[in-house]
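> sequence first, predicted coordinates after that:
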Amino acid sequence: QKEVEQDPGPLSVPEGAIVSLNCTYSNSAFQYFMWYRQYSRKGPELLMYTYSSGNKEDGRFTAQVDKSSKYISLFIRDSQPSDSATYLCAMSEYSSASKIIFGSGTRLSIRP
Amino acid sequence: GAVVSQHPSRVICKSGTSVKIECRSLDFQATTMFWYRQFPKQSLMLMATSNEGSKATYEQGVEKDKFLINHASLTLSTLTVTSAHPEDSSFYICSARSNPGTSGAGGETQYFGPGTRLLVL
């Protein structure tokens, strides 16, 4: 069993839709949870960073962490074609600057 | 914001040759750099962690004699793929973090480079 499981997609939704991306994990020691966006042939870019359980909102993006269920989510409101990318969840025991374990990534396509 | 560069962005080489990839932090000093490998449609897998001035720590299953890492300065780490073979073809990505407690650029997170695509023929 992988430490972090993520549905690879692809996921295709119309412009303006709400997108829900999810990951599950098995290591209860994870305390730091991140979402990265990766465009084709580029390095990942940090989108959201959450410590422990709870919600965090930044513009159109909302990250949720439920440690009791070992489940994290990223919601994108009013999705735009420019949001089309691969979204990677990532987790760490100590901090976002320490060893990170990535999910396999979900390919998202927003149709105009 | 913190910027990390990689050079080259892509390289094609013959089987058996060695390839060196550079990772630079442009606007902050990076005490720690990480090297990842990403195969097509797969996630990033951590290969090794390098701390400036000391030997790199390799993840289980990564051959340290094949993937040589040098972190000789606070802004530069290099990954050398020795005697490369076609199965080493992959996307190699580095990330860098600044000194702990540093505010501003770098801070307490990892900043990723744009990646280097290696194709071994």
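Nice, I can see it.
> what's residue B:120 sitting at in phi/psi?
phi -110, psi 120 (degrees, to the nearest 10).
> how near is it to residue B:67?
For residue B:120, the distance to residue B:67 equals 13 Å [Cβ to Cβ, to the nearest Å]. C-betas here are computed from N, CA, C, even on glycine.
> for residue 71, give me the pLDDT.
Reading this off chain A. For residue A:71, the model assigns a pLDDT of 95.
> actually, chain B is the one I wanted.
Value for residue B:71, per-residue pLDDT: 89.
> and what of residue A:29?
93.
> ok, the one 4 residues further on next?
At residue A:33, the model reports a pLDDT of 94.
> also residue B:39?
On the pLDDT scale, residue B:39 gets 88.
> that one against residue B:90, yeah?
Yes: between residue B:39 and residue B:90 there is a contact at 5.5 Å, judged by Cβ atoms under 8 Å.
> these two: which is more packed in?
More neighbours surround residue B:90 than the other of residue B:39 and residue B:90, with 21 against 12 (other Cβ atoms under 10 Å in any protein chain shown).
> surely the more buried one and residue B:38 touch.
Yes: judged on Cβ under 8 Å, residue B:90 makes contact with residue B:38 at a distance of 6.5 Å.
> what do the two both touch?
In terms of Cβ atoms under 8 Å, 6 or more residues apart in numbering or on different chains, residue B:90 and residue B:38 are not both contacted by any residue.
> quick one: the strands in the chain?
Picking chain A for this. All strands of chain A, identified by DSSP state E, fall at A:4-6, A:11-14, A:19-25, A:32-38, A:45-51, A:54-58, A:61-66, A:71-76, A:85-92, A:101-102, A:106-111.
> correction: the question concerned chain B.
Under DSSP E, chain B gives strands at B:4-7, B:10-13, B:19-25, B:30-38, B:44-51, B:57-58, B:67-73, B:76-81, B:90-98, B:111-112, B:116-120.
> pipe these into a markdown table and attach distance to chain A per row.
Listed next are these as a markdown table, based on distance: least, Cβ to the nearest Cβ, whole Å:
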| stretch | distance to chain A |
| --- | --- |
| strand B:4-7 | 8 |
| strand B:10-13 | 9 |
| strand B:19-25 | 10 |
| strand B:30-38 | 8 |
| strand B:44-51 | 5 |
| strand B:57-58 | 9 |
| strand B:67-73 | 15 |
| strand B:76-81 | 14 |
| strand B:90-98 | 4 |
| strand B:111-112 | 4 |
| strand B:116-120 | 7 |
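> in TSV: these, plus distance to residue A:99.
TSV is the format used below for these (distance: least, Cβ to Cβ, whole Å):
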stretch	distance to residue A:99
strand B:4-7	17
strand B:10-13	27
strand B:19-25	17
strand B:30-38	8
strand B:44-51	6
strand B:57-58	9
strand B:67-73	15
strand B:76-81	16
strand B:90-98	11
strand B:111-112	14
strand B:116-120	21
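> those strands: which one's closest to residue A:90?
strand B:44-51 (8.3 Å; Cβ to Cβ).
> how far off centre is that closest one?
7 Å (Cα atoms, centre = their mean, to the nearest Å).
> list the buried residues in that strand.
B:44-50 (16 or more other Cβ atoms under 10 Å in any protein chain shown).
> now swap in stretch A:82-89 and tell me
Under 16+ other Cβ under 10 Å, the buried positions of stretch A:82-89 are A:83-89.
> before we move on, back to that, looking at the strands of chain A, which is nearest to chain B?
strand A:101-102 (4.3 Å; Cβ to the nearest Cβ).
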